[in-house]
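A.B. asks: model the following, please.
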Amino acid sequence: MTSIKIFSGKNKDIPEKYLEQYFALRQQDEEEWYGVLPPSLDFYRNFWNVPREKGSDRIKTIAVNKNNLAIGFGYILWNTLYDNLDRSWFRIYVSPKERRKGIGSQILKEMLKKLPNEIKIVGAEAQKDSPGEYFLKKFKKEQSYAEDVITADLEEVNLKDVEKEAQKQKELALSKGYQIIRVDDRDFKSYFDEEEFVKIIEQIWNDMPKEDLTEENMNLTVERHQAIYDRNKKTGQEYITFVVVHEATKQPVGLTSFAINKYQPAIAWQDDTGIIHEHRGNGLGLAVKYQSLLTLLKETKVKYWITGSAHSNKYMYRINKILGHELWQNVPVYEFERKTIDELLS
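C.D. replies: Next up, the predicted model:
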């Protein structure tokens, strides 16, 4: 293995003199992953000081060679409250010229040393057939889940066609007894009972396909939901959501939401999309996503609209295909027994 220095822990444990190199590595990782213009370095500088939300913790790690050059980083996340208290998720990146030298294994080993003993499962994802997946397959051959990441180039979309179809879909939903309303900045409490609305989001999140993942359902409280999105806003995210309301009961029954980061204005990242079971089969998922597409075209400078869903979710894939998305990459997700990784790294 290559001789390196590893610094791991909280922000205070990473020497300040390496931070700009760390930010550059984070940016490089994102560009390599998505193949589009990543956020500016100011995003990573700001992100460094944004704390985790209550109920979540994180270890950060940086690897430095003998010339004091940062050549890799890692982080590992886990919950301390609510649910899934026995598992964590990690990400490791090593500069291309430094790969196949055991650096990723050294970073992972160091992070696992600092992980609480209660954590028994660790998970990670990587692009299919990438160096990252090659690394993960050293610990386990079978994936637990596959995410299809798809994108739409909005410069190739005809605004007039979208205006026409978005209005048509909105009127069709209304004819079936559903209204679509826009909510900016996830200010749901101005429109709905907040506790009831968060339970709808919880239902949508927990209903998403898990394939062979073993994670528990999410326990989403109002406090937790607010903390997640308050943190995201601090990183520069701004949200627009379209909510489906059942006219007869005046209750929300589904939504779609996207975010644009001020440090990466050319990209829209899809967030939640879901309709609760009792109201499916009415074309509501397509209707709300058409409102998102129209908004992106008329009100933003976004070039790429990026979304993802389980490889097994053919219904959502069909909707996204109608909206002009094309498959970009497949992302396998792996779950590992911590003790197995510890043994293989020892």
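A.B. asks: before we move on, what SS does the nearest residue to Gln127 once chain neighbours are set aside have?
C.D. replies: Leaving aside its chain neighbours, Gln127 sits nearest to Gln329 (5.3 Å; criterion: Cβ to Cβ, 6 or more residues apart in numbering). Backbone N, C-alpha and C define where each C-beta goes, glycine included. Assigned by DSSP: H, G, I helix; E, B strand; the rest coil, the conformation of Gln329 is strand.
A.B. asks: please apply the same query to Glu53.
C.D. replies: Strictly by three-state DSSP, Glu53 counts as coil.
A.B. asks: and the residue nearest to Gln127, what are its bridge partners?
C.D. replies: Beta-bridge partners recorded for Gln329 (DSSP bridges): Val149.
A.B. asks: where exactly do the helices run in the stretch 1-150 of the chain?
C.D. replies: With DSSP state H, counting those that start in this stretch, the ranges of helices along the stretch 1-150 of the chain come out as 19-34, 41-48, 103-114, 131-136.
A.B. asks: just so I know, which of those lies nearest Tyr75?
C.D. replies: Tyr75 sits nearest to helix 103-114 of all the helices of the stretch 1-150 of the chain, at 7.7 Å, using Cβ to Cβ.
A.B. asks: residues near Glu195, how many?
C.D. replies: Counted with other Cβ atoms under 10 Å, the neighbours of Glu195 add up to 11.
A.B. asks: gap between it and Gly55?
C.D. replies: 18 Å (Cβ to Cβ, to the nearest Å).
A.B. asks: repeat for Lys301
C.D. replies: 35 Å.
A.B. asks: same check on Gln143?
C.D. replies: Distance, Gln143 to Gly55, using Cβ to Cβ: 28 Å.
A.B. asks: who has more neighbours out of the two?
C.D. replies: Gln143 (22 against 17).
A.B. asks: that one and Val331 touch, don't they?
C.D. replies: No - using Cβ atoms under 8 Å, Gln143 is not in contact with Val331; the gap is 9.6 Å.
A.B. asks: identify the bridge partners of the residue nearest to Ser190 when sequence neighbours are not counted.
C.D. replies: Counting by Cβ to Cβ, 6+ apart, Ser190 lies nearest to Val183, which is 7.8 Å off, once chain neighbours are set aside. As for beta bridges, Val183 partners with Thr241 under DSSP bridges.
A.B. asks: returning to that earlier point: tell me who's in contact with the residue nearest to Gln127.
C.D. replies: 127-128, 148-149 (Cβ atoms under 8 Å, 6 or more residues apart in numbering).
A.B. asks: most neighbours among the residues you listed, which one is it?
C.D. replies: Busiest of these [other Cβ under 10 Å] is Asp148, holding 20 neighbours.
A.B. asks: list the residues that contact the closest residue to that residue other than its chain neighbours.
C.D. replies: Among residues not flanking Asp148 along the chain, His311 sits closest, at 5.1 Å (Cβ to Cβ, 6+ apart). By Cβ under 8 Å, 6+ apart, the residues touching His311 are 146-148, 211, 330.
A.B. asks: redo these as CSV? Include pLDDT and distance to Ile201.
C.D. replies: Formatted as CSV, the contacts of His311 follow (pLDDT from 0 to 100; distance: Cβ to Cβ, whole Å):
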residue, pLDDT, distance to Ile201
Ala146, 96, 24
Glu147, 95, 20
Asp148, 94, 22
Glu211, 95, 21
Asn330, 95, 27
